[in-house]
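# no sequence on this one, just coordinates:
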């Protein structure tokens with residue numbers, strides 16, 4: 001019979017105690033509660049926010065007594081202080097005319113009108129309580145099967161009728177001709193940011209689930225004149241410069257900080273998606 005008296009454990013028993021998970025810190029400030037396990041990406045986001053919050057305090061933009069919650073939430077005052085800090089610290093120049101023209105030449109479809117694609121898909125819907133890992137395995141197995149099919153036609157339609165959670169499955173998964181505006185943004189980017197035709201080599205993720213997509217045909221967009229899209233291109237380049245400046249700023253802050261339990265070498269800002 002096991003002795004229930006304690007010699008080492010805090011509860012007074014001799015049973016082995018579960019190892020305490022380390023808590024990630026930035027300059028001694030905890031990023032989560034003891035024993036809580038977070039994904040590295042979420043830890044990096046919290047660490048980036050905490051670096052900025054502490055810098056705002058050092059520069060007098062935020063009261064010394066402000067403290068983050070262990071759930072990663074920041075106060076309204078901290079959010080406003082971080083915005084003020086970034087406004088002060090990140091000086092992003094306006095894109096030059098030459099830079100805008102180079103971008104336009106490298107992205108001739110930017111701002112163009114009329115791009116469309118004839119699509120078929122098999123949707124594996126993500127619903128509450130579903131095992132997403134198992135769903136992905138099933139979708140990836142079918143994707144491989146369809147990419148290896150000799151005809152790329154009847155087999156896809158049969159798979160859509162059997163497996164798709166979309167009403168289009170009854171028609172072999174045919175969605176007809178779609179423009180980027182017809183699609184959910186995340187779905188449209190996957191389809192229209194490339195020129196692939198046929199069964200795409202990867203699953204397409206959207207808010208509806210996992211899609212196996214076949215591009216049956218494409219009509220290219222008509223290029224927009226530079227003068228019509230110059231302002232939009234400038235916004236894109238300015239945002240790119242701002243993101244780069246923010247990453248460099250975070251790297252500088254991280255180099256001067258004591259950081260435990262999270263790697264920031266490839267960190268991206270929680271303010272940028």
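Alright, I've got the coordinates. Worth saying up front: this structure is predicted, and the values here are computed from it rather than measured.

# Start and end of stretch 214-227, how far apart?
35 Å (CA to CA, to the nearest Å).

# Looking at that stretch now, give me its mean pLDDT.
Stretch 214-227 comes out with an average pLDDT of 88.

# List the buried residues of that stretch.
For stretch 214-227, a neighbour-count test (16 or more other CB atoms under 10 Å) marks 214, 215, 216, 218, 221, 223, 224, 226 as buried. Any C-beta I mention is one placed from the backbone N, CA and C, and that applies to glycine too.

# Pull the distance from it to the chain's centre.
26 Å (CA atoms, centre = their mean, to the nearest Å).

# same check, this time on stretch 187-197
17 Å.

# Got the phi and psi for residue 202?
phi -140, psi 160 (degrees, to the nearest 10).

# what about it, how many neighbours?
12 (other CB atoms under 10 Å).

# and it, what does it touch?
Neighbour list for residue 202: residue 143 [criterion: CB atoms under 8 Å, 6 or more residues apart in numbering].

# Which residue ranges of the stretch 1-150 of the chain form helices?
40-58, 76-89, 97-106, 132-148 (DSSP state H, counting those that start in this stretch).

# any chance of those in a markdown table, plus distance to residue 176?
As requested, these are arranged in a markdown table below (distance: least, CB to CB, whole Å):
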| stretch | distance to residue 176 |
| --- | --- |
| helix 40-58 | 36 |
| helix 76-89 | 44 |
| helix 97-106 | 31 |
| helix 132-148 | 19 |
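
# wait, which of those helices is closest to residue 258?
Ranking the helices of the stretch 1-150 of the chain by proximity to residue 258 (CB to CB) places helix 40-58 first, at 11.0 Å.

# Please spell out which residues along the closest one are buried.
Residues of helix 40-58 classed as buried by neighbour count (16+ other CB under 10 Å): 43-57.

# and that helix, how far from the chain's centre?
With CA atoms, centre = their mean, you get 18 Å for helix 40-58.

# Can you name every helix or strand that it contacts?
strand 25-26, helix 76-89, helix 226-255 (3 or more CB pairs under 8 Å, 6 or more residues apart in numbering; DSSP states H and E).

# elements contacting the longest one?
Contacts of helix 226-255 with other secondary structure elements, assessed using 3+ CB pairs under 8 Å, 6+ apart, are made with helix 40-58, helix 76-89, helix 97-106.

# what's in contact with the second one?
Contacts of helix 76-89 from elsewhere in the structure, counted by CB under 8 Å, 6+ apart, are 49, 52-53, 55-57, 59, 61-63, 66, 68, 74, 246, 249, 271.

# Dump the helices of the stretch 1-150 of the chain into JSON lines; add distance to residue 201 and mean pLDDT as well.
Formatted as JSON lines, the helices of the stretch 1-150 of the chain follow (distance: least, CB to CB, whole Å; pLDDT from 0 to 100):
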{"stretch": "helix 40-58", "distance to residue 201": "24", "mean pLDDT": "91"}
{"stretch": "helix 76-89", "distance to residue 201": "38", "mean pLDDT": "93"}
{"stretch": "helix 97-106", "distance to residue 201": "24", "mean pLDDT": "94"}
{"stretch": "helix 132-148", "distance to residue 201": "7", "mean pLDDT": "90"}
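
# Before I go, just wanted to say thanks for your time.
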